[in-house]
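>>> Sequence plus the predicted model coming up.
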Amino acid sequence: MKFLDIIDFLTDIIHPYYYQVFKSYMKLTSTHLQDNTLFSPKETLINSLDSNLENQMNNSTEQQTALAGIDVLDNKLTQHFHNKIKLQPALTRQLVSFQANKHRATYRWYKYKEAFSASLIEILLSKYKITSGKVLDPFAGSGTALFAASDAGIDADGIELLPVGQQIILTRKCLEREFTKDDFATIKRWGAERPWHQSKVRIPLTTLRITDGAYSKQTLKLIEQYMGAWQRKNDRVQSVLRFALLCVLESISFTRKDGQYLRWDYRSGRRQGVKPFNKGEILNFDKAICAKLNEICHDVEAGNDPRELFFSNVLKGDIRLFSGSCLDIMPALPQNSYDAVATSPPYCNRYDYTRTYALELALIGIGEEALSKLRQEMLSCTVENRAKDLLKINPEWTNVIAVADSQKLLQSILRYLEAEKAEGRLNNNGIPRMVRGYFYEMACVISECTRVLKPNAPLFMVNDNVRYAGVSISVDMILSNIAENLGFHVENILVLPDGKGNSSQQMGKHGRDPLRKCVYVWRKI
Ligand SMILES: C[S@@+](CC[C@H](N)C(=O)[O-])C[C@H]1O[C@@H](n2cnc3c(N)ncnc32)[C@H](O)[C@@H]1O
C-alpha cells in the first residue's frame, strides 16, 4: 500500500483531528526525506503544524473532513509533480517582480507594480534558447515581455485589456520608433519652460466616484491647464505628454494604490478610519511632471546613437498590441504560430485593477459605465466578477470546460468554499464564484496557448498560490494539471525561495502555511 493510499484509508476511519495530527507528521517526515531544499525546514513545519492544529481545533467536523479531503488531493498532485517542483534560489522576488525594473532605463517610466522584470524575460529567453521568431504575452500589462523580446531581436505580440497598460505600451513604442527630433525637442522644451502656466484653456479631467477629490485645487488646475496646453501638439507629442502625466498622477494625488482599492490620505478630507492615513510627501505638480519629462528625455538620449537622437531599430523585433480581452482575441490568432508564450496573468487574489488604476483610467477618459464593463471583462480575480458565458465567447471550448470539471482538487475546493458560503463563514460570498471563474477562464487561455504555440514551444507563467477560508489553493499544480490535459508537458514548476502568507487576518485565523510563488515552465507536446 502506498503512502497516499494509507492516508485515504485513514481519512475514512479516524476522527479528522487525529487524522490531521498523523498526516502532518507523515508529511513532515516524508517531505524531509524527499527533498530537503524544496520545502520549509523542519522547525518551521513544526511551528506551522502547532498553529494549524490549534486552528483546526476551532473548525467544525465537516470543515475538518473537507479540508482533510482537499489535503489528500493536494498531496496526490504534489506526488504527481514531485520531480517537477523545484526550488530556484536564483529566482528572487526582485527578479520576478517590478523591483528589478525600478532603475532600468525606459522600464522605470511607469511603475506598473504588477509587472515582472525585463531581466526575468531575458534570462528565460536565453536559457530556453528563444533567439528568433515570435513570442506572445496574453496579459501584456506594461509590455515588459514585449519590449524585452523585441530588444533581443524577437517579434512580440501582446494582448492587454486595461487601457493603462495599452497606453504604456503604445507610447513607449511611439517614443522608441516613431518620435522625430522635433518631437523630442518639444518635450525637452516643455520640461524647461512649463508652457501650461500660460495656457488659457483648461480641459476638464474626467472624475469617477472613486477618484472625486483626489487632487488639491491647485494641482487640479495645473493638470487641466497642462491638458489644455497640449491640444495644439501633434498626436505623437500629445501621447507622450499624456503618458508623462499618467506616470505621476499617484504621486501628486491624495491617494495610494493599495492592492484592492485606493487608499486616501487624511489631507483629502475623506473620512478616515481609527488611524488616519498619511501617505507622506505629496509631490508638487511642476516638480513631478518636469522630473518625469526629463527622465524620459534622458533615457531616450542614453539609448541612442548620439548622432541620431532617436533609438536605432535595426535589431529590434516588431511589437504588436491587441487591445481587448485575451478571451476574445486569442481564438482569432493563427494556430502553431508562436515560438514562446511569456506571461503573468492576474493572480486569484481579489486584486482589482480597475479600482487600483482609477486615477489613470479617469485621465484616459474612462467613465463610470465603461469602468464597470471593464471590471466584468477582466479575468475573474475580484469578488465582483460575474460568471462569464465562456461557451458563448467560443463554442470550441466545450472540452476545456470538461477538463476543468474533471479537476478533482479544484472541484473539492469549490465544494468546500460553497459549503463555507452556505454556513455564512466567508468574509465575502463572491469568493467561490471568483475562484471558479478564475480557473475556468484560465483553462480557456491555456487551451488557446496550446493552439497558437508551435509544437515543442515553451510557455512561461508567473503566478502565486492563494488562500481562502483556511484552504491553501495550489494554483500552480491545478493549472499545471489542467495544462497537461490540454496538450502541454509540464517541464518544471520553479518555486521562488520565500513563500508569503496571505492577509494577517487569514494568518491569524488559519495558520501560517507559506504560499508558493512560482514560474511554471510548460512545453507544447
Ligand atoms: C500581472 S499583470 C501583467 C504584468 C506584465 N507581465 C508586465 O510586466 O507589465 C496582469 C495583466 O493582465 C491584464 N488582464 C486582466 N484580464 C485580462 C484579459 N481578460 N485580457 C487581457 N488582459 C487582461 C491586467 O490588466 C494586467 O495588466
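That came in fine, so what should we check first?
>>> Could you point out the helix or strand that follows the helix or strand where residue 293 lies?
Assessed by DSSP states H and E, residue 293 sits inside helix 285-302. Next along the chain after helix 285-302, taking DSSP H and E as the criterion, comes strand 319-323.
>>> In terms of secondary structure, what does that following strand contact?
Judged by 3 or more CB pairs under 8 Å, 6 or more residues apart in numbering; DSSP states H and E, strand 319-323 is in contact with helix 144-151, strand 155-160, helix 163-177. Every C-beta, even on glycine, is put in place using the N, C-alpha and C of the backbone.
>>> so which strand or helix has the closest residue to residue 488 other than its chain neighbours?
Using CB to CB, 6 or more residues apart in numbering and skipping residues adjacent in sequence, the residue nearest residue 488 is residue 522, 4.0 Å away. According to DSSP H and E, residue 522 maps onto strand 517-524.
>>> What about the closest residue to the ligand within the chain, how many residues nearby?
In the chain, the residue that lies nearest the ligand is residue 141 (2.5 Å; CB to the nearest ligand atom). Other residues lying near residue 141 total 27 when counted by other CB atoms under 10 Å.
>>> what about the residue nearest to it when sequence neighbours are not counted, how many residues close to it?
Residue nearest to residue 141 in three dimensions, not counting chain neighbours: residue 165, with 4.9 Å by CB to CB, 6+ apart. Neighbour count for residue 165, taken as other CB under 10 Å: 26.
>>> For residue 165, give me its contacts.
112, 140-143 (CB atoms under 8 Å, 6 or more residues apart in numbering).
>>> switch to 7 Å and redo it
With contact taken as CB atoms under 7 Å, 6 or more residues apart in numbering, residue 165 is in contact with 140-142.
>>> those helices in the stretch 51-200 of the chain, which residues are they?
Using DSSP state H, counting those that start in this stretch, the helices of the stretch 51-200 of the chain run over 61-80, 93-96, 118-127, 144-151, 163-177, 181-193.
>>> As a markdown table, those with mean pLDDT and distance to residue 397 would be great.
Output for these, formatted as a markdown table (pLDDT from 0 to 100; distance: least, CB to CB, whole Å):
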| stretch | mean pLDDT | distance to residue 397 |
| --- | --- | --- |
| helix 61-80 | 95 | 23 |
| helix 93-96 | 92 | 30 |
| helix 118-127 | 96 | 28 |
| helix 144-151 | 97 | 25 |
| helix 163-177 | 96 | 25 |
| helix 181-193 | 96 | 45 |
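>>> Need the winner for burial among those helices.
helix 144-151 (a mean of 26; mean count of other CB atoms under 10 Å).
>>> could you check the angle helix 163-177 makes with that helix?
20 degrees (axes from the mean of the first three to the mean of the last three CA atoms, to 10 degrees).
>>> between helix 144-151 and helix 118-127, how many degrees?
Going by the same axes, to 10 degrees, helix 144-151 makes 50 degrees with helix 118-127.
>>> tell me the mean pLDDT over the helix ranked longest in the chain?
For the chain, the longest helix by residue count, based on DSSP state H, is helix 431-452. Computed over helix 431-452, the mean pLDDT rounds to 98.
>>> Tell me if that helix is near the ligand.
No - applying CB under 6 Å from any ligand atom, one finds helix 431-452 separated from the ligand by no less than 7.5 Å.
>>> where are the low-confidence patches of the chain?
1-58, 304-314, 499-513 (pLDDT under 70).
>>> Show me where it has its strands.
Using DSSP state E, the strands of the chain run over residues 85-87, 134-137, 155-160, 255-258, 261-264, 319-323, 340-343, 458-464, 466-468, 471-473, 488-495, 517-524.
>>> now for the first one, which elements pack on it?
The helices and strands touching strand 85-87, judged by 3 or more CB pairs under 7 Å, 6 or more residues apart in numbering; DSSP states H and E, are strand 488-495.
>>> Next one: the nearest residue to residue 171 once chain neighbours are set aside from residue 262, what distance?
Closest residue to residue 171 apart from its sequence neighbours, by CB to CB, 6+ apart: residue 243 at 4.0 Å. Distance, residue 243 to residue 262, by CB to CB, to the nearest Å: 21 Å.
>>> Skip the chain neighbours and tell me the closest residue to the most centrally placed residue in the chain.
Taking CA atoms, centre = their mean, the centroid of the chain lies closest to residue 346, which sits 3.6 Å from it. In space, and not counting its chain neighbours, residue 346 is closest to residue 381: 4.3 Å by CB to CB, 6+ apart.
>>> what about the one you found, neighbour count?
22.
>>> dump the residue contacts of it.
346-351, 434, 438.
>>> Format those residues as JSON lines; extra columns: distance to residue 216.
Shown next, in JSON lines, are these (distance: CB to CB, whole Å):
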{"residue": "346", "distance to residue 216": "33"}
{"residue": "347", "distance to residue 216": "34"}
{"residue": "348", "distance to residue 216": "37"}
{"residue": "349", "distance to residue 216": "33"}
{"residue": "350", "distance to residue 216": "31"}
{"residue": "351", "distance to residue 216": "28"}
{"residue": "434", "distance to residue 216": "36"}
{"residue": "438", "distance to residue 216": "39"}
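>>> Please narrow those residues to those residing in helices.
By the criterion of DSSP H, membership of those in helices covers 434, 438.
>>> Narrow the contacts of residue 381 to just the buried residues.
The neighbour count (16 or more other CB atoms under 10 Å) marks 346-351, 434, 438 as buried among those.
>>> wait, doesn't residue 85 sit right on residue 495?
Yes - Residue 85 lies in contact with residue 495 (CB atoms under 7 Å); the separation is 6.2 Å.
>>> how about stretch 144-162, does it get close to the ligand?
Yes - applying CB under 6 Å from any ligand atom, one finds stretch 144-162 touching the ligand at 144, 159-162.
>>> Alpha carbons only: can I get that stretch in CSV?
Extracted in CSV, the C-alpha atoms of stretch 144-162 (Å, rounded to 0.1, in the frame of the first residue of the first chain):
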residue,chain,number,x,y,z
THR,A,144,7.7,44.1,-20.2
ALA,A,145,7.8,40.7,-22.1
LEU,A,146,7.2,42.5,-25.4
PHE,A,147,10.0,45.1,-25.1
ALA,A,148,12.5,42.6,-23.6
ALA,A,149,11.8,40.2,-26.5
SER,A,150,11.9,42.9,-29.1
ASP,A,151,15.3,44.1,-27.7
ALA,A,152,16.5,40.6,-28.2
GLY,A,153,15.5,40.8,-31.9
ILE,A,154,12.4,38.7,-31.4
ASP,A,155,8.9,39.8,-32.6
ALA,A,156,6.3,40.1,-29.9
ASP,A,157,2.5,40.2,-29.8
GLY,A,158,0.7,41.3,-26.6
ILE,A,159,-2.9,41.4,-25.6
GLU,A,160,-4.0,43.8,-22.8
LEU,A,161,-7.4,44.8,-21.6
LEU,A,162,-6.6,47.7,-19.2
